[in-house]
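# for reference, the sequence and a predicted model appear below.
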Amino acid sequence: MYKFSKSSKEKLETVDEKLQTLFTAVLSMGIFDITIIEGKRSLERQKQLVKEGKSKTLESKHLTGKAIDVAIFKNNTIDWNDTKAYYVLVGIVLTLAKQLGISIRSGSNWDRDTDYNDQNFNDLVHFELDE
């Protein structure tokens, strides 16, 4: 069974309890070993990410702890290019969130339609509460 690292636990504790519940449940399923990249972040950090092109807004839900970035940890590393695995993770997260009654949106499909090829900013690691 997978466990969160100390660093992941610390980042997870910075976000809303619904996200904590959801991603603890995702990890406990044992399908993917996941790591928390970022939870709540400062405005300074958000400005840096926008400047680097890694975020598109200064009104991110990360600023209020309503968003989280999660990566798949495999063979002691993160494979950012394994998009197929990330889409599977997105499906798991969205399905489990629905079962738990948590309204969530994924950076894999910002407009929530059925056309996954219309993304202008594909952020497969990003999940945010949709409230």
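Now that the structure is in, tell me what you want to look at.

# now for the biggest strand by length in the chain, which elements pack on it?
Criterion DSSP state E: the longest strand present in the chain is strand 67-74. Under the contact criterion of 3 or more C-beta pairs under 8 Å, 6 or more residues apart in numbering; DSSP states H and E, strand 67-74 touches helix 17-28, strand 34-38, helix 83-100, strand 126-129. The way it works is simple: take the backbone N, C-alpha and C, and place the C-beta from them, glycine included.

# please spell out which residues along it are buried.
Judged by neighbour count using 16 or more other C-beta atoms under 10 Å, the buried positions of strand 67-74 are 67-73.

# just send those residues back as JSON lines, with distance to residue 34 and pLDDT too.
Shown next, in JSON lines, are the buried residues of strand 67-74 (distance: C-beta to C-beta, whole Å; pLDDT from 0 to 100):
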{"residue": "67", "distance to residue 34": "15", "pLDDT": "97"}
{"residue": "68", "distance to residue 34": "10", "pLDDT": "98"}
{"residue": "69", "distance to residue 34": "10", "pLDDT": "96"}
{"residue": "70", "distance to residue 34": "5", "pLDDT": "97"}
{"residue": "71", "distance to residue 34": "7", "pLDDT": "96"}
{"residue": "72", "distance to residue 34": "6", "pLDDT": "96"}
{"residue": "73", "distance to residue 34": "6", "pLDDT": "90"}
